[in-house]
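# Pasted the sequence and its predicted model underneath.
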Amino acid sequence: MEKNNRNSIISNFFWRFAEKIGAQGVNLIVSIVLARILAPDDYGTVALVTIFITISNVFVDGGLATALIQKKDADDLDFSSVFYCNIIMSVLFYCIIFFASPMIAKFYNNMQLISILRVLAISILIAGVKSIQNAYVSRKMIFKKFFICTLLGTIASAIIGILMAYKGYGVWALVVQQLTNITVDTVMLWIIVKWKPILKFSFNRLKKLYKFGWKMLCSRAYRCSV
């Protein structure tokens with residue numbers, strides 16, 4: 001029994017390591033290729049927009065996904081409650097960005113940011129769905145499935161991003177690349193991972209999870225601000 005557990009830990013560590021190295025390796029190659037095609041301003045524009053997306057994702061999750069992983073007796077009601085909460089929060093933050101995008105664009109004196117923000121912010125909605133599947137994979141330690149989904153998303157987005165950049169789409173090549181990555185990754189997780197939400201919701205479960213999650217929220221919010 002102890003030997004099986006040790007082998008399982010080693011196997012999961014290997015797949016987690018392979019997922020990180022594989023994704024970073026592909027992204028490095030893609031970045032080198034795109035850097036030779038796209039203008040520096042394209043990267044600057046997307047980087048500027050990504051700041052708002054990243055901060056929104058921190059507050060959408062609220063540390064609840066990490067709390068699910070840490071909770072010893074987390075069940076379907078816990079996962080489903082966090083799932084529905086994330087959906088509501090992601091819709092809320094998407095609406096905030098959607099309506100605030102003209103003011104942001106005006107502040108940076110770049111009206112192109114309006115459409116870029118509104119399109120790239122769709123990733124907030126997708127991330128709200130994906131975070132629970134990520135938590136389930138981490139809790140069950142089935143990182144081989146995570147490796148498959150991440151690699152497929154990275155490769156698919158790389159191909160699309162390079163093709164669009166080559167065709168002259170500029171900054172939109174980077175926008176679509178990011179959206180493709182998270183979309184393919186999320187769809188594959190939903191196909192491969194067995195967990196699906198149940199039609200139940202509990203504020204009490206959320207409250208208990210948030211007692212731990214708010215610490216993670218503060219930690220991530222601080223890292224984003226630095």
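Right, received. Where do you want to start? Residues are numbered from 1 along each chain as shown.

# now the helices for the protein?
2-37, 40-61, 64-70, 76-107, 112-120, 122-140, 143-166, 171-192, 203-225 (DSSP state H).

# Please compute how far stretch 197-206 lies from its chain's middle.
Computed by Cα atoms, centre = their mean, to the nearest Å, the chain-centroid distance of stretch 197-206 equals 22 Å.

# same thing with stretch 182-191?
Stretch 182-191 sits 11 Å away from the centroid of its parent chain (Cα atoms, centre = their mean).

# Would you check how far apart the nearest residue to L48 once chain neighbours are set aside and I116 are?
Excluding its sequence neighbours, the residue lying closest to L48 (Cβ to Cβ, 6 or more residues apart in numbering) is Y108, at 6.7 Å. Yep, even glycine has a C-beta here, placed from its N, CA and C like the rest. Per Cβ to Cβ, to the nearest Å, Y108 is found 11 Å from I116.

# Of these two, which one has the most company?
Between Y108 and I116, counted using other Cβ atoms under 10 Å, I116 has the larger neighbour count: 20 against 13.

# Quick check: that one touching A47?
No: using Cβ atoms under 8 Å as the test, I116 is too far from A47 to be in contact (11.3 Å).

# Could you list the low-pLDDT ranges of the chain?
1-10, 12-17, 19, 213-226 (pLDDT under 70).

# Give me the most central residue, it.
Nearest to the mean C-alpha position of the chain, counting by Cα atoms, centre = their mean, stands A127 at 4.4 Å.

# The residue lying closest to it once chain neighbours are set aside: neighbouring residues, count only.
Nearest residue to A127, sequence neighbours excluded (Cβ to Cβ, 6+ apart): N57, at 5.2 Å. N57 has 20 neighbouring residues, counting by other Cβ under 10 Å.

# Pretty sure N57 sits against I124.
Yes: counting by Cβ under 8 Å, I124 is a contact partner of N57 at 6.1 Å.

# Contacts only, for the nearest residue in space to D41 that is not next to it in sequence.
Once flanking residues are discounted, D41 sits nearest to V171: 7.8 Å by Cβ to Cβ, 6+ apart. Shown in contact with V171 (Cβ atoms under 8 Å, 6 or more residues apart in numbering): 38, 41-42, 45-46, 112, 116.

# and with 10 Å instead?
V171 is in contact with 38-39, 41-46, 49, 112-113, 116, 165, counting by Cβ atoms under 10 Å, 6 or more residues apart in numbering.

# Among the residues you listed, name the buried ones.
Buried by 16 or more other Cβ atoms under 10 Å: 38, 42, 45-46, 49, 113, 116, 165, out of the contacts of V171.

# Those: which two are farthest apart?
Across the buried ones among the contacts of V171, no pair lies farther apart than L113 and A165, at 19.4 Å, counting by Cβ to Cβ.

# Using PDB, list the CA coordinates for stretch 87-100.
Extracted in PDB, the C-alpha atoms of stretch 87-100 (Å, rounded to 0.1, in the frame of the first residue of the first chain):
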ATOM      1  CA  ILE A  87     -20.000  31.800 -12.700                       C
ATOM      2  CA  ILE A  88     -21.900  34.700 -11.000                       C
ATOM      3  CA  MET A  89     -18.700  36.500 -10.200                       C
ATOM      4  CA  SER A  90     -17.200  36.000 -13.600                       C
ATOM      5  CA  VAL A  91     -20.300  37.400 -15.300                       C
ATOM      6  CA  LEU A  92     -20.200  40.400 -12.900                       C
ATOM      7  CA  PHE A  93     -16.500  41.200 -13.600                       C
ATOM      8  CA  TYR A  94     -17.000  40.700 -17.300                       C
ATOM      9  CA  CYS A  95     -19.800  43.300 -17.300                       C
ATOM     10  CA  ILE A  96     -17.600  45.700 -15.200                       C
ATOM     11  CA  ILE A  97     -14.800  45.500 -17.800                       C
ATOM     12  CA  PHE A  98     -17.200  45.600 -20.700                       C
ATOM     13  CA  PHE A  99     -18.700  48.900 -19.600                       C
ATOM     14  CA  ALA A 100     -15.500  50.300 -18.100                       C
END
